[in-house]
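Trainee: the sequence isn't on hand, but the structure is:
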């Protein structure tokens with residue numbers, strides 16, 4: 001039979017042993033003996049056990065072997081990567097052992113079959129070249145015996161591999177993998193490395209300067225990473241990205257060895273920053289699921305070490321507690337409290353947790369949106385059994401139902417805490433069953449008690465950096481699809497509904513201003529003891545200067561504008577929102593979502609503040625008139641009334657002279673009636689001002705020379 005030209009070409013492509021590999025990445029030297037042995041133990045625990053009538057190769061009776069002890073992080077990653085690679089090609093490697101007559105001709109014990117499989121994968125991945133052994137390497141007898149047997153069958157195994165490629169008409173054995181697994185494998189090779197800055201030890205500026213001194217170049221976009229480069233993430237300001245091929249070089253740098261920079265997947269940083277965006281300076285946090293120490297430390301780094309506490313649930317064993325405490329000491333975390341009880345077993349009315357305002361949940365998930373599952377499982381202490389489903393490209397229905405049931409329990413339990421004001425739920429799954437469906441069931445849960453407000457799904461609190469993210473944000477969830485620059489991620493933010501009878505106290509306003517650093521140097525003057533005995537005032541009076549009053553007013557105006565921006569965001573065009581997101585517009589904290597009560601429900605103190613002088617109201621009218629947008633940019637907004645804290649001004653004239661106008665009103669100058677230029681502010685006599693004390697100008701004032 002005459003072969004077709006295409007068949008002859010195919011024969012030439014696979015004629016040499018150098019081409020007979022599963023992947024293009026070849027490890028020419030191999031691994032030390034202990035890596036093969038550890039990988040075999042991992043494979044023994046996660047391999048697919050076939051039915052008796054379909055079983056070609058036996059793996060013995062050993063199951064649930066204890067996890068081996070690794071010498072260092074590098075050997076651990078090598079062992080898991082080798083086991084996962086063999087797991088992806090388990091069916092093919094078993095066929096290769098049968099077709100080449102290796103398995104029938106070598107009656108090894110079934111308990112060593114896992115070692116044969118992982119070493120066979122590495123043997124062909126090294127293009128059937130001999131392994132380079134170091135002189136001081138510790139020899140393991142089982143590993144050397146299996147290696148000797150594989151070398152004796154090298155030709156037959158290569159021939160069997162060639163026949164398989166011809167029969168299936170494929171260039172590489174990678175095409176045996178499911179399409180979803182193959183795409184993840186391709187993305188993993190280019191996926192950037194992400195590391196967050198440990199601000200408890202250093203600052204972002206110092207880290208960037210240190211990297212530049214070491215020869216790195218800072219680029220503007222994650223897509224520009226190549227060579228010795230790094231960039232700053234657009235979603236999380238303390239997150240840096242590096243090229244994937246620099247992992248081994250970066251691990252040896254002092255920045256990483258002393259935990260000033262910490263490797264972690266970006267999805268975990270998104271969850272932590274979403275929680276931080278909703279917190280006040282002294283809010284406490286509950287981390288419901290036993291997340292990795294990296295996530296806990298990152299949350300600690302973003303909170304105040306002196307005023308905030310982080311309660312971590314589910315740290316049951318003493319060894320876990322000691323290991324985490326040692327790690328937190330190295331990270332310089334001082335505000336973490338470990339709780340041995342499981343989150344779902346804790347009473348929501350537990351007095352110890354009544355000060356917590358935030359719950360952060362990162363429950364176990366299918367990890368279906370992760371392209372580099374080995375790194376993710378090792379960093380986040382996930383179940384290694386997930387590798388079995390990931391290697392097949394899909395998760396079994398029974399395992400998915402178990403995960404969903406646990407996720408629903410933990411999220412439903414989080415909304416039962418009466419003092420908690422927000423819940424952040426994050427997964428690395430692409431399945432709606434683990435994401436939107438779980439959130440919907442939690443929102444439908446009826447909270448017991450009339451005084452507890454239900455939850456609602458809030459829009460993303462982080463900047464949106466692409467058109468796709470803006471489109472996904474219409475669902476009020478932050479969703480990142482798996483790509484070449486990030487893993488898949490789902491973040492949902494649940495916040496309390498507005499309390500119709502609730503009020504925003506002066507203390508809350510001042511707390512937000514203090515968090516912004518606007519009240520530095522301001523002291524509260526307490527009345528003398530005799531005065532306190534005579535009369536107890538309804539509210540405590542705080543004396544502040546006119547300049548400070550202007551700073552607070554500007555702060556509240558900025559906060560209200562940012563809150564308005566959130567309300568209008570769904571109606572803004574994609575292009576304009578994309579520009580704002582790239583400019584790293586920050587989102588206000590959750591405290592601003594509370595509505596200020598109307599005048600009818602205001603206390604006498606707040607009502608007295610509303611009766612301002614004509615000059616003050618005229619100033620506010622001019623400010624609102626000048627800031628009024630053009631007709632084509634106007635939106636229908638819900639009116640909000642802002643109530644400033646009680647202020648005793650030194651004098652009327654000092655307020656007028658010392659108050660600072662906003663930048664867009666800098667051209668207004670309060671001058672005498674004789675120095676006022678023509679066509680400027682309308683002159684008003686003192687008589688008319690006192691007569692019409694409750695009236696405002698109806699038209700905005702315009703100055704002919706705004707530079708004056």
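Mentor: Received the coordinates, thanks. The structure displayed is predicted, hence computed values, not measured ones.
Trainee: can you show me the helices along the stretch 201-350 of the chain?
Mentor: 204-213, 247-251, 254-257, 266-276, 293-302, 318-331 (DSSP state H, counting those that start in this stretch).
Trainee: in which helix or strand would I find residue 61?
Mentor: Under DSSP states H and E, no helix or strand contains residue 61.
Trainee: that one and residue 171: what is the separation?
Mentor: For residue 61, the distance to residue 171 equals 39 Å [C-beta to C-beta, to the nearest Å]. The C-beta positions use only the backbone N, C-alpha and C, and glycine is treated the same way.
Trainee: between those two, which one's more packed in?
Mentor: It is residue 171, of residue 61 and residue 171, that has more neighbours when counted by other C-beta atoms under 10 Å, with 11 against 7.
Trainee: look up phi and psi at that one.
Mentor: phi -80, psi -40 (degrees, to the nearest 10).
Trainee: please report how far it lies from residue 178.
Mentor: Counting by C-beta to C-beta, the gap from residue 171 to residue 178 is 17 Å.
Trainee: picking up where we left off before, for the helices of the stretch 201-350 of the chain, give me a markdown table that also has distance to residue 33, mean neighbour count and mean pLDDT.
Mentor: A markdown table is the format used below for these (distance: least, C-beta to C-beta, whole Å; neighbours: other C-beta atoms under 10 Å; pLDDT from 0 to 100):
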| stretch | distance to residue 33 | mean neighbour count | mean pLDDT |
| --- | --- | --- | --- |
| helix 204-213 | 37 | 14 | 95 |
| helix 247-251 | 21 | 13 | 89 |
| helix 254-257 | 27 | 14 | 93 |
| helix 266-276 | 35 | 25 | 93 |
| helix 293-302 | 31 | 24 | 94 |
| helix 318-331 | 28 | 14 | 92 |
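Trainee: now those helices as JSON lines including distance to residue 71?
Mentor: Shown next, in JSON lines, are those (distance: least, C-beta to C-beta, whole Å):
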{"stretch": "helix 204-213", "distance to residue 71": "29"}
{"stretch": "helix 247-251", "distance to residue 71": "14"}
{"stretch": "helix 254-257", "distance to residue 71": "16"}
{"stretch": "helix 266-276", "distance to residue 71": "26"}
{"stretch": "helix 293-302", "distance to residue 71": "20"}
{"stretch": "helix 318-331", "distance to residue 71": "17"}
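Trainee: what's the closest of the ones you listed to residue 484?
Mentor: helix 266-276 (12.9 Å; C-beta to C-beta).
Trainee: next, the angle helix 293-302 makes with the closest one.
Mentor: Going by axes from the mean of the first three to the mean of the last three C-alpha atoms, to 10 degrees, helix 266-276 is angled at 40 degrees with respect to helix 293-302.
Trainee: and residue 251, what does it touch?
Mentor: Counting by C-beta atoms under 8 Å, 6 or more residues apart in numbering, residue 251 touches 73, 74, 257.
Trainee: nearest to residue 466, of those?
Mentor: residue 73 (33.0 Å).
Trainee: excluding covalently adjacent residues, which one is nearest to the closest one?
Mentor: Counting by C-beta to C-beta, 6 or more residues apart in numbering, residue 251 is the residue found nearest to residue 73 once chain neighbours are left out, at 7.5 Å.
Trainee: residue 260 too?
Mentor: Per C-beta to C-beta, 6+ apart, closest to residue 260 is residue 202, 4.6 Å.
Trainee: burial count for that neighbour?
Mentor: Counted with other C-beta under 10 Å, residue 202 comes out at 16.
Trainee: so for residue 452, which of the helices of the stretch 201-350 of the chain sits nearest?
Mentor: Using C-beta to C-beta, the helices of the stretch 201-350 of the chain put helix 266-276 closest to residue 452, at 20.8 Å.
Trainee: tell me the helices and strands packed up against the closest one.
Mentor: strand 193-197, helix 293-302, strand 356-361, strand 422-427, strand 478-480, strand 489-496 (3 or more C-beta pairs under 8 Å, 6 or more residues apart in numbering; DSSP states H and E).
Trainee: same thing but at 7 Å, please
Mentor: helix 293-302, strand 356-361, strand 422-427, strand 489-496 (3 or more C-beta pairs under 7 Å, 6 or more residues apart in numbering; DSSP states H and E).
Trainee: switch the ones you listed over to a markdown table; also include distance to residue 397.
Mentor: Listed next are those as a markdown table, based on distance: least, C-beta to C-beta, whole Å:
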| stretch | distance to residue 397 |
| --- | --- |
| helix 293-302 | 29 |
| strand 356-361 | 24 |
| strand 422-427 | 18 |
| strand 489-496 | 20 |
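Trainee: looking at this structure, which helix or strand is least sure?
Mentor: The weakest-scoring helix or strand in the chain, judged by mean pLDDT, DSSP states H and E, is helix 604-610 (a mean of 34).
Trainee: residues in contact with residue 364?
Mentor: 382, 383, 403, 406 (C-beta atoms under 7 Å, 6 or more residues apart in numbering).
Trainee: er, residue 192 I mean
Mentor: 222, 225, 241, 242, 243, 244, 485.
Trainee: who's in contact with the spatially closest residue to the second one that is not a sequence neighbour?
Mentor: Once flanking residues are discounted, residue 225 sits nearest to residue 243: 4.6 Å by C-beta to C-beta, 6+ apart. Neighbouring residues of residue 243 by C-beta under 7 Å, 6+ apart: 192, 225, 226, 229.
Trainee: test my guess that the second one contacts residue 244.
Mentor: No: if you go by C-beta atoms under 7 Å, residue 225 and residue 244 don't touch, sitting 8.4 Å apart.
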